[in-house]
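Trainee: Provide a 3D model corresponding to the input given below.
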Amino acid sequence: MKKNNKINNLAKKDQELITLLQELIRIPSWVPEDPKLKKVYNENKVVDYLESWLKTNTNMEVIRQPLKGGRFNLIAKRGKPDLVFLAHTDTVKPSEDAPFDQLSAIINNEEIWGRGASDMKSGIATMIQALSLSPDTNNIWLFLYADEEYDFLGMKALVKKFGDIKPKLIVSSDGSDLQLGYGCRGLIEIKARVIGETGHPAKEGGKNAIWEGFETLYKLKTSLQKTKHKVMGPNSFNVAYTLGGAKEPTSIDSDNSLVSVGQAGNVVPDIMEFVLDIRPSSQDINLESIIKFIEKDLKKKGLGFEVINKKHDLGAWFTPASKIKKYEALASKYSNKSKPLYSNPKDSGYLDLQMFWEAVGRPTAFMYGGGIGETNHSPQERISIIDLIRERNFFIDLLESRLE
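Mentor: Have a look, this model is predicted:
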């Protein structure tokens, strides 16, 4: 590990920013899968820290929003919500094979290493310090929300309570590489069943749920591929899981999912269960349109269709680059010259910014962050100190450009 004497020569506010990020990284905020453990291990200690910090260091009104399971979102307000800052407080689980303890926030080679260094405690640290250093800016709200990495609990609660506000601009620090992000594909996930008719294969009887089901899913894939967004490209399509066979004998668990099916070769399979994952690039594609397509095609062939679980019905987000062009000069001032100024929306997974953007009327929205994006969720997760400072300065300039 290389020591960094340059840090001692940084301005006081820069040293404070480094310390702030280190302290956030050292507070565990990953959430286990076990529902009981979620009540014990979650983002609450980070929320406690941030609530105290914001009340001490800003002139904003700070409130908690209770969530299920005893968890919280944190909201800071100053004036009207013309500008909304977004950042999530949770991380994924620390990596066991990391070169440094991911909860130690080690500084190595002028970089801060650790879980959340890039995704996205650096975003929180830079945004809140920018707000602290820009006390005269008004009409801004900050939403620090839980559960982004898991099931969007925090964002769903924000949408429910604050979906009627009308911001002019949304900025999320869930970006990386000092690039402007302006879109993502959606996320549609469904578990369902095809119901056929059993028979003897030698007599060519029955209706094969597996064969006919896959034929219908292939037709759906072909139909989706006809729609292509000019920037985000085609819709992605993935059959993530299947289980099919004879309904007799069948075992079904408490979640109404198949556990086992008949496997005899001399029986036409009359049941197939599948999980479908679609990442729509088009805002016109939603879960109900997918269900109607499958149901209609199977019905033509005399097969039944049952939906077991509608897990996700989340659309695409896209803000045309022309709408954020006014921020290009500011981004160029702090950009990573080795990378394009804009990130490629094709390369992005689903971002829950989309939920909020959709609910509040699709205003101009973009992402910006300074972490090394390719290290997110990895044992090498980190951010360079110079890019951490640049990210903070970007947010200060963004805030102060709004002063009248």
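
Trainee: number of residues surrounding Ser281?
Mentor: Residues contacting Ser281 under the criterion other C-beta atoms under 10 Å number 24. Glycine gets a C-beta too; all of them are placed from N, C-alpha and C.

Trainee: Glu328 too?
Mentor: So Glu328, with other C-beta under 10 Å, has 14 neighbours.

Trainee: Phe100 touches Ile106, doesn't it?
Mentor: Yes: assessed by C-beta atoms under 8 Å, Phe100 is found in contact with Ile106 at 4.3 Å.

Trainee: skipping its backbone neighbours, what lies nearest the residue most central in space within the chain in space?
Mentor: Central residue of the chain (C-alpha atoms, centre = their mean): Leu351, 3.5 Å from the mean position. Spatial nearest neighbour of Leu351, excluding adjacent residues (C-beta to C-beta, 6 or more residues apart in numbering): Cys184 at 4.5 Å.

Trainee: got a list of what that neighbour touches?
Mentor: Counting by C-beta atoms under 8 Å, 6 or more residues apart in numbering, Cys184 touches 232, 316-317, 345, 348-351, 353-354.

Trainee: now Glu16
Mentor: The contact partners of Glu16, by C-beta under 8 Å, 6+ apart, come to Gln129.

Trainee: phi, psi for it please.
Mentor: The phi/psi pair for Glu16 (degrees, to the nearest 10) reads phi -70, psi -40.

Trainee: the closest residue to Gly370 other than its chain neighbours and Asp14: what is the separation?
Mentor: Leaving out its chain neighbours, the residue that sits closest to Gly370 by C-beta to C-beta, 6+ apart is Glu391, at 3.4 Å. Noted for Glu391: a distance of 12 Å to Asp14, by C-beta to C-beta, to the nearest Å.

Trainee: where do the helices sit along the stretch 51-200 of the chain?
Mentor: Using DSSP state H, counting those that start in this stretch, the helices of the stretch 51-200 of the chain run over 121-132, 153-162.

Trainee: reformat these as CSV; add mean neighbour count.
Mentor: Shown next, in CSV, are the helices of the stretch 51-200 of the chain (neighbours: other C-beta atoms under 10 Å):
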stretch, mean neighbour count
helix 121-132, 26
helix 153-162, 19
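
Trainee: output those helices as CSV; include the columns mean pLDDT and distance to Glu328.
Mentor: Converted to CSV, the helices of the stretch 51-200 of the chain look like this (pLDDT from 0 to 100; distance: least, C-beta to C-beta, whole Å):
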stretch, mean pLDDT, distance to Glu328
helix 121-132, 98, 19
helix 153-162, 97, 28
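
Trainee: which among these is found nearest to Gly69?
Mentor: With C-beta to C-beta as the measure, helix 153-162 is the member of those nearest Gly69 (7.8 Å).

Trainee: who touches the closest one?
Mentor: So helix 153-162 is in contact with 65, 67-69, 71, 73, 81, 88-89, 143, 145-148, 352, 355-356, 359-360, going by C-beta under 8 Å, 6+ apart.

Trainee: now do 10 Å
Mentor: Helix 153-162 is contacted from outside by 31, 38, 42-43, 65-69, 71-75, 81, 84, 86, 88-90, 141, 143-148, 152, 165, 351-360, using C-beta atoms under 10 Å, 6 or more residues apart in numbering.

Trainee: endpoints of stretch 275-287, how far apart?
Mentor: End-to-end span of stretch 275-287 (C-alpha to C-alpha, to the nearest Å): 13 Å.

Trainee: identify the residues contacting Val31.
Mentor: 37-38, 41-43, 69, 71, 90-93, 146-151, 153.

Trainee: tell me how far it lies from Phe356.
Mentor: Taking C-beta to C-beta, one finds Val31 at 20 Å from Phe356.
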